[in-house]
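Asks: I would like to see how this sequence folds:
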Amino acid sequence: EGSTPVLYHNPISVTLSENSGSASYSGLILNGGSPQKSVTLRYSTDTVVLQYNGGGGPGYSATVTLTASGATGPAVITFSPLFASTNGSTAITSLALNGSLTSPTVTVGEAGAPSSTRYYVTNGCGSSATTSAVSGSGSSATFSVAGTLTANASCPIVVADGTTAAATMLTLTTSNTLVQGQITVDGTQITQVSLGAATTYVTEGPDGNMYLTDTTNESLDQFNPSSGYVTNSFSVPFSDLYGAAPGSDGAMWVADQDLEGIDRITTYGSLAQYSTQLGGSPIGVATGNDGTIWVADQVGSLWNVTMGGAITQTSLTLHGSPGNAIVGPDGNVWFAEGGYIGQASATDPPTVLNQYAVPAGDTAVNLASDPADNEVWYTAEGSTPVVGYIPTGGGSPGTFDIAATATPTGIAVGVDKGVWYLDSTNDQLGRISTVGSNVMSLYPLPSGSNPTGIATGPDGRLYVTEPGASSIAVVQP
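Replies: As a prediction, this is how the structure comes out:
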């Protein structure tokens, strides 16, 4: 087996040099853009392609150098055009040009190559790929690098053909990667972790793990903050999972709209399901100070759920359909309800105590509790997107205007005296300082990631679900 691959943390600087003097036959294409001599990979979804136009002739070569923090040294990739000689080759390291990669799938395209062309795959230390691992011929071939062909900067993977066909373009791409991409913005470190599945809600569990509702696999995923990976995926067949919260019994309780009820899932994956059998559309889940589970039902009620799974539906007079729910610093149940934030007593039955209007034309989305300052924070989308707060011990509510194009979603209170919120339209993470002059900061997330859920973990880091990128961002304030 080869050596352990070098772990490169984003941003990765990629530069290209050619031995052709002033002439230029190759370029680096970042995310489908125009050819460049240098690019920077910032996110786990970034991909760079090395493009060659076929004009170099025999003896031409190009060298790509990667430099990044966290690596033992720069990785150097040198290739000669496949048509240059019968022994021409292309070297690809296990870094795959976009992060840490141990089992890449690589596609080689050689435009103009005859259909009889066959490709041979080895690594620079003498090991060969099995025949079954290589498929395709002519202008396109794909191979998967097995664990026995692990490569690194010292033992690059080499792809060679046996013809002298005049290639007009050589393209190297990778897929099926598990990337630990990392950026630092103004002292805040954001690490991207690929999950391979779309997750929406995230919350801390009773065992120190983070729990994600997985819409791709209809499961509740257990994410270990220490390892940075999903350690268990608990299947909930035929489900439509939404909000989740840990119960006083040490299990996770998850709203399930297909069930019209709530799922109880232990940290070892044991599943029990409780349905109202009366209809309903549960979405938000919160745990009361007395251990009771509270569920906000979009049909206009709050549910009181005992640890035994007994559900009591209570109709309330509301301004809109209840959404996300939390238990605030005052011990009451708070929930989004259309153009208002509702406050109800955590009693059986609950009683509506207050209803706070959000800015006209807006709809309340999500809420977060700030016990340190006795406040409830919320996001609201609409004509005037805002992040707002409501003091639970008296005082006047307030709002902060955010970008007019924003679609605010999740919100969480950090250990750094900051309130963090998500903007799914602009793929951004925002922070509002709760001390001093309330400085507002913005942090980029991968394009198209559609950030949805955010929660503070037991380690003080924030966890952001990115269903559009099938990944999660881990934020170190």
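
Asks: low-confidence stretches in the stretch 201-350 of the chain?
Replies: Low-confidence segments of the stretch 201-350 of the chain (pLDDT under 70): 278.

Asks: which of the residues in whichever strand or helix holds residue 232 are buried?
Replies: Following DSSP states H and E, one finds residue 232 within strand 229-235. For strand 229-235, the neighbour count (16 or more other C-beta atoms under 10 Å) marks 230, 233-234 as buried. All C-beta spots, glycine's among them, are computed from the backbone N, C-alpha and C.

Asks: now, which of those residues sits nearest residue 457?
Replies: residue 230 (14.2 Å; C-beta to C-beta).

Asks: hang on, isn't the closest one packed against residue 202?
Replies: No - judged on C-beta atoms under 8 Å, residue 230 makes no contact with residue 202 at a distance of 11.8 Å.

Asks: joint contacts of the two?
Replies: Residues touching both residue 230 and residue 202 by C-beta atoms under 8 Å, 6 or more residues apart in numbering: 212, 223.

Asks: check what pLDDT residue 427 gets.
Replies: pLDDT for residue 427: 91.

Asks: contact partners for it?
Replies: 444-451, 468.

Asks: swap in 7 Å and give it another go.
Replies: Counting by C-beta atoms under 7 Å, 6 or more residues apart in numbering, residue 427 touches 444-449, 451.

Asks: before we move on, what about residue 338?
Replies: 319-321, 363-364.

Asks: out of those residues, which are buried?
Replies: Taking 16+ other C-beta under 10 Å as the criterion, what is buried in the contacts of residue 338 is 320-321, 363-364.

Asks: give the bridge partners for the closest residue to residue 24 other than its chain neighbours, please.
Replies: Spatially, and ignoring its direct neighbours in sequence, residue 24 is nearest to residue 18 (6.5 Å; C-beta to C-beta, 6 or more residues apart in numbering). The partner list for residue 18 in beta bridges (DSSP bridges) reads residue 62.

Asks: so residue 18 sits right up against residue 25, yeah?
Replies: Yes - between residue 18 and residue 25 there is a contact at 6.5 Å, judged by C-beta atoms under 7 Å.

Asks: neighbours of residue 436, how many?
Replies: 7 (other C-beta atoms under 10 Å).

Asks: cool, and residue 448?
Replies: Residue 448: 10 neighbours (other C-beta under 10 Å).

Asks: also residue 379?
Replies: Considering only other C-beta under 10 Å, residue 379 is surrounded by 30 other residues.

Asks: grab the nearest non-local neighbour of it.
Replies: Leaving out its chain neighbours, the residue that sits closest to residue 379 by C-beta to C-beta, 6+ apart is residue 408, at 3.7 Å.

Asks: same question, residue 462
Replies: Nearest non-adjacent residue to residue 462 (C-beta to C-beta, 6+ apart): residue 475, at 4.1 Å.

Asks: so who does residue 285 touch?
Replies: 243-245, 253-255, 293, 295, 325.

Asks: now it, which residues is it bridged with?
Replies: residue 295.

Asks: quick check: the gap between it and residue 24.
Replies: Separation of residue 285 from residue 24 (C-beta to C-beta, to the nearest Å) stands at 58 Å.

Asks: can you classify the residue nearest to residue 448 when sequence neighbours are not counted by secondary structure?
Replies: Leaving out its chain neighbours, the residue that sits closest to residue 448 by C-beta to C-beta, 6+ apart is residue 468, at 4.7 Å. For residue 468, the assignment made with DSSP: H, G, I helix; E, B strand; the rest coil gives helix.

Asks: can you count the residues close to residue 468?
Replies: Neighbour number of residue 468 under other C-beta under 10 Å is 18.

Asks: residue 424 too?
Replies: Residue 424, neighbours per other C-beta under 10 Å, totals 21.

Asks: please pick the buried ones from the contacts of residue 427.
Replies: 445-446, 449, 451.

Asks: related to what we said a few turns ago, of all the buried residues of strand 229-235, which comes closest to residue 220?
Replies: residue 234 (4.7 Å).

Asks: let me see the contact set for that closest one.
Replies: Residue 234 is in contact with 219-220, 265, 269, 271, counting by C-beta under 7 Å, 6+ apart.

Asks: from these, which is closest to residue 437?
Replies: residue 220 (40.5 Å).

Asks: measure the closest one to residue 205 for me?
Replies: As for residue 220, its distance to residue 205 is 9 Å (criterion: C-beta to C-beta).

Asks: and for residue 232?
Replies: Residue 232 is 11 Å from residue 205, by C-beta to C-beta.

Asks: kindly report the same for residue 283.
Replies: Relative to residue 205, and taking C-beta to C-beta, residue 283 is found at 19 Å.

Asks: got phi/psi on residue 453?
Replies: phi -110, psi 150 (degrees, to the nearest 10).

Asks: pretty sure it sits against residue 203.
Replies: No - look at residue 453 against residue 203 with C-beta under 7 Å: they stay out of range, at 8.1 Å.

Asks: which of the two has more neighbours?
Replies: Using other C-beta under 10 Å as the criterion, residue 453 and residue 203 rank with residue 453 on top: 26 against 23.

Asks: and the closest residue to residue 398 other than its chain neighbours, what element?
Replies: Leaving aside its chain neighbours, residue 398 sits nearest to residue 389 (5.7 Å; criterion: C-beta to C-beta, 6+ apart). Per DSSP H and E, residue 389 falls inside strand 386-391.

Asks: partners of that strand, with directions?
Replies: Short version: by DSSP bridges, strand 386-391 pairs with strand 375-382 (antiparallel), strand 398-401 (antiparallel).

Asks: of these, which is nearest residue 315?
Replies: The nearest among those, by C-beta to C-beta, is strand 375-382 at 23.1 Å.

Asks: what does the closest one contact?
Replies: In contact with strand 375-382 (C-beta under 7 Å, 6+ apart) are residues 328, 334, 336, 341, 358-359, 361-370, 386-392, 407-409, 411, 413, 419, 421.

Asks: list buried residues within those.
Replies: Neighbour counting over these (16+ other C-beta under 10 Å) leaves 328, 334, 336, 341, 358, 362-370, 386-392, 407-409, 411, 413, 419, 421 as the buried ones.

Asks: so what's residue 439 up against?
Replies: residue 433.

Asks: per-residue pLDDT, it?
Replies: Reading off the model, residue 439 has pLDDT 78.

Asks: ok, now residue 40?
Replies: At residue 40, the pLDDT recorded in the model is 81.
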